[in-house]
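> coords below, sequence missing:
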Ligand code: GLN
């Protein structure tokens, strides 16, 4: 079948769900990943046809997109801060907002310190995207990453190998400090976390591709205490950061004020809230007092 014909089928079936522009982008990503065929080649060689045995992959992708499965799970990878990060349904798909958080940390480190050794801890690492991007761009850092999910840790380990960085992975639950085997002799310069922060009551406005396919363990918190993870990680930071160490969080846009209060109560200084590209309160930084 000609690729052009398959492209038409994609538009017919998927435009009502995603809109033509997004369908175009997804189609090009898929033919590049599956057949090594670029967008330009499709224009230059509009009669290009793929043989029957190779059609199955793209038709399967079409079916999965119809069920609103995220394209990143179909491709089994995504790009994060210029790196290829493998993902599966056990890990959240890295978001552009989180790249901004990584950028903030790298900026702070390069502005304020020389190339002296650093220790960094990423709490709830998921695919490992934050830890890996930091390890890659701050080669002077020794990076530790913790997660409660064995399946996520496996993905994160694979990603660290793929990207050629060395990270100490730890299995543990930050909500239960006893089960959190952090290295006893290490105090951290930086602790960062993008923990679950979406409340159950926010489910209604979420798109099916997130709600029905991404791991709820990585997304949702109880309505009763939406800051549960932040409280636990802040406590962990009080005990495990060096004096003047930095704590960074990605946060729920509706909790900027509460997060400032939480860091303030725990005696963090120079607290700074930052918005993301969508002008939402999305990140916070505090310096341990
Ligand atoms: N920003 C993500 C979303 O909107 C949530 C990430 C998280 O819970 N840490 O789906």
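Structure received. Everything numeric in this text was worked out from a predicted model, so none of it was measured. Numbering: from 1, shown residues only.

> Could I get the full set of helices for the stretch 151-289 of the chain?
Secondary structure of the stretch 151-289 of the chain (DSSP state H, counting those that start in this stretch): helices located at 208-211, 216-219, 228-240, 256-265.

> Apologies, that question was intended for the stretch 1-150 of the chain.
3-18, 20-35, 39-44, 52-66, 71-75, 96-112, 129-137, 150-162.

> Of the ones you listed, which is nearest the ligand?
The minimum distance between the ligand and the helices of the stretch 1-150 of the chain falls on helix 96-112, with 6.1 Å, by Cβ to the nearest ligand atom. For glycine as for every other residue, the C-beta is placed from the backbone atoms N, C-alpha and C.

> Now do that closest one: everything it contacts.
Applying Cβ atoms under 8 Å, 6 or more residues apart in numbering, the contact partners of helix 96-112 are 80-81, 118, 129-130, 133-134, 137-138, 141, 190, 192, 194, 246, 248, 250, 274, 276-278, 282-283, 285.

> Number of residues surrounding residue 216?
12 (other Cβ atoms under 10 Å).

> repeat for residue 86
Quick note: residue 86 (other Cβ under 10 Å) scores 18 neighbours.

> didn't it look like it was pressed against residue 160?
No. Assessed by Cβ atoms under 8 Å, residue 86 is found out of contact with residue 160, at 10.6 Å.

> ok, for the residue sitting furthest away from the middle of the chain, nearest residue in space, not its chain neighbours?
In the chain, the residue that sits farthest from the middle, by Cα atoms, centre = their mean, is residue 47; the gap is 38.6 Å. Closest residue to residue 47 apart from its sequence neighbours, by Cβ to Cβ, 6 or more residues apart in numbering: residue 2 at 6.2 Å.

> Okay, and the beta partners of that neighbour?
Beta-bridge partners for residue 2, by DSSP bridges, are residue 49.

> Contact partners for it?
Applying Cβ under 8 Å, 6+ apart, the residues near residue 2 are 46, 47, 48, 49.

> sorry, back to before: from residue 41, how far out is the residue farthest from the centre of the chain?
11 Å (Cβ to Cβ, to the nearest Å).

> re the thing from before, per-stretch mean pLDDT over the helices of the stretch 1-150 of the chain, give me the minimum one.
When the helices of the stretch 1-150 of the chain are compared by mean pLDDT, helix 39-44 comes last with a mean of 88.

> Show me which residues of it are buried.
By 16 or more other Cβ atoms under 10 Å, the buried positions in helix 39-44 come out as residue 42.

> And that helix, what does it pack against?
helix 3-18, helix 20-35 (3 or more Cβ pairs under 8 Å, 6 or more residues apart in numbering; DSSP states H and E).

> For it, which outside residues touch it?
Against helix 39-44 from outside (Cβ under 8 Å, 6+ apart): 3, 4, 7, 28, 31, 32, 48.

> Would you confirm that the fifth one contacts residue 45?
No. Applying Cβ under 8 Å, one finds residue 31 not in contact with residue 45, separated by 11.7 Å.

> Buried ones among the contacts of helix 39-44?
Among the contacts of helix 39-44, those buried by neighbour count (16+ other Cβ under 10 Å) are 3, 7, 28, 31.

> For the first one, list the residues it contacts.
For residue 3, the contacting residues are 31, 35, 37, 42, 48, 49, 50, by Cβ under 8 Å, 6+ apart.

> Count the residues that sit near the third one.
When counting by other Cβ under 10 Å, one arrives at 17 neighbours for residue 37.

> quick one, what contacts it?
3, 31, 48.

> For the closest residue in space to residue 115 that isn't next to it in sequence, list the residues it contacts.
Spatial nearest neighbour of residue 115, chain neighbours left out: residue 140 (5.0 Å); criterion: Cβ to Cβ, 6+ apart. Counting by Cβ under 8 Å, 6+ apart, residue 140 makes contact with 115, 116, 117, 118.
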